[in-house]
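[1] below is the sequence, then the predicted model.
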Amino acid sequence: ELGYFTYDPGFMSTASCSSEITYLDGDAGTLLYRGYPIEQLAEHSSFLEVCYLLLNKTLPTKQELADFEYMISRHTMLHDQVQYFFRGFRRDAHPMATVVGVVGALSAFYHDDMNIHDPEQRKRSAHRLIAKMPTIAAWSYRYSVGLPFVYPRNDLSYAEDFLHLMFSVPTEPYTPDPLHVKALEVIMILHADHEQNASTSTVRLAGSSEANPFAAVAAGIASLWGPAHGGANEAVINMLRDIEKSGLPLSHWVDRAKDKNDRFRLMGFGHRVYKNYDPRAKIIRELANDILDRLPANDPNQKLFAIARELEQVALNDEYFKARNLYPNVDFYSGVIFLSMGIPVSMFTVMFALARTIGWISQWDEMMGDEESRIGRPRQLYMGAESRDYVPVNER
Ligand code: SDX
């Protein structure tokens, strides 16, 4: 036992820990949040109800949900000084750079109310992060395109308010598209938590040193940014655009993905744990097909979407991919949906961070509430030089 993390050489560099939040069976393709199947939550629940579930262990009663929604809506605004943090960035900064900076900076605004040993203050930090992420995410987009900041609206649902924060303009009323609202709710539920993935393990490790929750979540956002993890949804669209521009047949790209000497990989395929179909991908695939089937024939992304559908079929029937259980993962489809909703590619990983914040902060709260919790200290397999004596420079 190495503190909170148990080092298991069988897993090489993976540190593991115990949790009651998410159950994942990669071979069976099973995903449960607090015991509830992801398929049932995606069909019947709302994102804020799932936030309540992950944070409080049980589904809320009607009154508990209403109280939770009201309380979250009381935290959606940012301290007025935070806007100047945004204004310090270049307009063309990647929104993930802005978001990781602003979330970490929240530590400067709540330093008198983020005692990690006080359950009530831990819960308030969680509520602040859930509530403020849509505002931070949307403002990072608006700042990058020169739109003025707009304030959250407490009369809208969480998903409606995010779309309003992103796309409304002060000069006219804004009504979000109900299909987009439903799609966003489902995508956020599917991305809410995923056991000990790279970014969640980063949050746990950062939090295990008793760093404050905003700093720990900022570390998780930084880890999520990588194209092998949350950055994959952005990398999928960039890959599809490269394929479209190249005019080369899909077989050329699939062959490159198989070539050991070529670093090219099909983004959106494969998974560290799922060696069966990602259950989230099954759900989001239907959503993507629903939305794509409704798109007008002259939609500028129709060609790109056709390539995505063809690539999915080619990979699903290719021996190399089948032999390695490389199926489309959740990131293969989410970007297609975001694009059809008018969300720019640069914002895709921010969308992932927006949804995963509840998973990160629930796991952080679980860890900090555990009396046995100690600083994480994964070990290594030392592969370096044997002990040897120093040689003065003029003798080398
Ligand atoms: C997420 O951990 C989580 O839970 C993550 C996540 C979450 O919700 O937090 O689910 C979100 O990160 C999903 C994954 C998004 N990433 C991508 O789509 C990037 C493309 N995928 C690959 O980089 C890769 O599949 C990984 C990183 C996702 C998984 O890597 P693994 O499990 O370490 O697989 P591997 O590298 O051991 O590959 C096994 C074989 C290798 O070939 P061989 O050496 O056996 O001959 O499959 C090949 C790999 O070369 N391979 C691929 C491939 N992914 C693996 N070949 C072509 N294209 C790919 N995408």
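    That came through fine.

[2] secondary structure element holding the residue nearest the centre of the chain?
    To find the centre residue of the chain, average its C-alpha atoms and take the closest one (Cα atoms, centre = their mean): that gives residue 352, at 2.9 Å. Taking DSSP states H and E as the definition, one finds residue 352 inside helix 348-368.

[3] pLDDT averaged over that helix, what's the number?
    Mean pLDDT, computed over helix 348-368, is 97.

[4] for whichever residue of the stretch 201-350 of the chain sits closest to the ligand, give me its contacts.
    Using Cβ to the nearest ligand atom, the closest approach of the stretch 201-350 of the chain to the ligand is made by residue 270 at 2.3 Å. C-beta: built from backbone N, CA, C; applies to glycine. Residue 270 makes contact with 324, 326-327, 329 under the criterion Cβ atoms under 8 Å, 6 or more residues apart in numbering.

[5] how about residue 229, nearest residue that isn't a chain neighbour?
    residue 198 (5.0 Å; Cβ to Cβ, 6 or more residues apart in numbering).

[6] all helices for the stretch 151-300 of the chain, in order.
    Here the stretch 151-300 of the chain has its helices, by DSSP state H, counting those that start in this stretch, at 158-167, 178-191, 198-208, 213-224, 232-246, 250-258, 279-294.

[7] which of the ones you listed sits most buried?
    Per-stretch averages of neighbours, counted by mean count of other Cβ atoms under 10 Å, single out helix 213-224 among those, with a mean of 25.

[8] isn't residue 113 right up against residue 122?
    No. Assessed by Cβ atoms under 8 Å, residue 113 is found out of contact with residue 122, at 10.4 Å.

[9] more crowded one of these two?
    Neighbours per residue, other Cβ atoms under 10 Å: of residue 113 and residue 122, the larger number sits with residue 122, 20 against 12.

[10] packing partners of whichever helix or strand that one is part of?
    Counting by DSSP H and E, the element that carries residue 122 is helix 119-145. In this structure, helix 119-145 packs against helix 47-56, helix 62-73, helix 82-87, helix 95-105, helix 158-167, helix 213-224, helix 348-368, with contacts taken as 3 or more Cβ pairs under 8 Å, 6 or more residues apart in numbering; DSSP states H and E.

[11] got the contact list for the third one?
    The list of residues contacting helix 82-87 from outside it, by Cβ under 8 Å, 6+ apart, reads 98, 101-102, 105-106, 109, 139-140, 143, 149.

[12] would you point out the most distant pair within these?
    Among the contacts of helix 82-87, the pair separated by the greatest distance (Cβ to Cβ) is 109 and 143, at 18.4 Å.

[13] more neighbours: which of the two?
    For residue 109 against residue 143, the residue with the higher neighbour count under other Cβ under 10 Å is residue 143, and the figures read 20 against 16.

[14] okay if I get the helices of the stretch 151-300 of the chain as a markdown table plus distance to the ligand and mean pLDDT?
    Putting those into a markdown table (distance: least, Cβ to the nearest ligand atom, whole Å; pLDDT from 0 to 100) gives the following:
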| stretch | distance to the ligand | mean pLDDT |
| --- | --- | --- |
| helix 158-167 | 19 | 97 |
| helix 178-191 | 6 | 95 |
| helix 198-208 | 6 | 97 |
| helix 213-224 | 8 | 98 |
| helix 232-246 | 3 | 93 |
| helix 250-258 | 4 | 92 |
| helix 279-294 | 7 | 90 |
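
[15] just send those back as a markdown table, with distance to residue 17 too.
    A markdown table is the format used below for the helices of the stretch 151-300 of the chain (distance: least, Cβ to Cβ, whole Å):
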| stretch | distance to residue 17 |
| --- | --- |
| helix 158-167 | 29 |
| helix 178-191 | 21 |
| helix 198-208 | 7 |
| helix 213-224 | 14 |
| helix 232-246 | 24 |
| helix 250-258 | 33 |
| helix 279-294 | 22 |
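
[16] out of those helices, flag the one nearest residue 20.
    Of all the helices of the stretch 151-300 of the chain, it is helix 198-208 that lies closest to residue 20, at 14.0 Å by Cβ to Cβ.

[17] helices or strands next to that closest one in the packing?
    The elements that helix 198-208 packs onto, with contact taken as 3+ Cβ pairs under 8 Å, 6+ apart, are helix 213-224, helix 348-368.

[18] ok, residues contacting it?
    Applying Cβ under 8 Å, 6+ apart, the set of residues contacting helix 198-208 is 3-5, 15, 17, 116, 193-194, 196, 213, 215-217, 219-224, 226, 228-230, 356, 359-361, 363-364, 367-368, 373-376, 378.

[19] out of those, which are buried?
    3-5, 15, 17, 116, 193-194, 196, 213, 215-217, 219-224, 229-230, 356, 359-361, 363-364, 367-368, 373, 376 (16 or more other Cβ atoms under 10 Å).

[20] about what we covered before: which one of the contacts of residue 270 is nearest residue 44?
    Lowest distance from residue 44 to the contacts of residue 270 (Cβ to Cβ) belongs to residue 329, with 23.7 Å.

[21] how many neighbouring residues does that closest one have?
    With neighbours defined by other Cβ under 10 Å, the count for residue 329 comes to 23.

[22] confirm for me that it is in contact with residue 274.
    Yes. Counting by Cβ under 8 Å, residue 329 sits close enough to residue 274 to count as a contact (7.0 Å).

[23] please report how far residue 358 lies from residue 156.
    Plainly put, residue 358 is 19 Å away from residue 156 if you go by Cβ to Cβ, to the nearest Å.

[24] those two: which has the busier surroundings?
    residue 358 (27 against 19).

[25] contacts only, for that one.
    50-51, 54-55, 126, 130, 192-193.

[26] ok, 6 Å please
    Under the criterion of Cβ atoms under 6 Å, 6 or more residues apart in numbering, the contact list for residue 358 reads 51, 54, 130, 192.
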